[in-house]
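Trainee: Structure here, sequence nowhere to be found:
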């Protein structure tokens, strides 16, 4: 059974940092391109980051609004993907999902609330 | 960046109805279009990938079609369990979601 479990969300003040973790199992993680997608309180879905596999040099890409603030990374030995979020803004408030294998598999999401 | 225009935003239909939801891309996306169903409090679930390939385990009443810039999700006979919000996703150039279609029973 495929499982993706996101952890690390919570309430954080503007300007602070948070790191999300997505632990996976049940599929070949090492060859999967992994993504983070967020869903705003208004329920809009937004792709925010992608990391390719080792054969593609773990290349990363980001939506413009998070470039320079967020970093996606992965640990194939742990079948996990991460999202380091710095300089958080109120508009980053959302449920964050990890997804992989051409957006076939999704976690249950973790809520990040940025507020003073 | 490719923009996705999804319509309608809201849809009310009766059990047994044929339902169609549309997504229009701002440029050709070469059939790299997925459809998702999201029920309240759950993660999105992939129904259709690459325009018309049915995800394993998804009922055959769901189908997808389209090419170029115009794509359609069809539910051939609406069932009560289909009440949800539906999203399209283009993954041809970058990754862009449609704004969603909220489907309810009349």
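Mentor: Good, I have the coordinates. For clarity, every value in this text was computed on a predicted model and none was experimentally measured.
Trainee: For the closest residue to residue A:109 other than its chain neighbours, give me its contacts.
Mentor: Counting by Cβ to Cβ, 6 or more residues apart in numbering or on different chains, residue A:109 lies nearest to residue A:95, which is 4.2 Å off, once chain neighbours are set aside. From N, CA and C alone the C-beta is placed, and that goes for glycine too. Applying Cβ atoms under 8 Å, 6 or more residues apart in numbering or on different chains, we find residue A:95 in contact with A:9, A:38, A:39, A:109, A:110, A:111, A:112.
Trainee: Provide the partner residues of residue A:95 in its beta bridges.
Mentor: When bridges are called by DSSP bridges, residue A:95 pairs up with residue A:39, residue A:111.
Trainee: quick one: buried residues of stretch B:59-79?
Mentor: Judged by neighbour count (16 or more other Cβ atoms under 10 Å in any protein chain shown), stretch B:59-79 contains these buried residues: B:62, B:63, B:64, B:66, B:69, B:71, B:72, B:73, B:75, B:78.
Trainee: One more: stretch A:41-54?
Mentor: Quick answer for stretch A:41-54 (16+ other Cβ under 10 Å): A:45, A:46, A:47, A:48, A:49, A:50, A:51, A:52, A:53.
Trainee: List phi and psi for the last one.
Mentor: Looking back up the chat, that one is residue A:53. Here the main-chain torsion angles of residue A:53 (degrees, to the nearest 10) amount to phi -90, psi 180.
Trainee: Go ahead and confirm it touches residue A:33.
Mentor: Yes: judged on Cβ atoms under 8 Å, residue A:53 makes contact with residue A:33 at a distance of 6.2 Å.
Trainee: middle-most residue in chain A, spatially?
Mentor: Centroid check for chain A by Cα atoms, centre = their mean gives residue A:36 as the closest residue, at 3.3 Å.
Trainee: got the contact list for it?
Mentor: Residue A:36 neighbours (Cβ under 8 Å, 6+ apart): A:20, A:22, A:47-50, A:72, A:81, A:83, A:96-99.
Trainee: Kindly report the same for residue B:52.
Mentor: Neighbours of residue B:52 in contact, by Cβ under 8 Å, 6+ apart: B:31, B:63, B:64, B:65, B:66.
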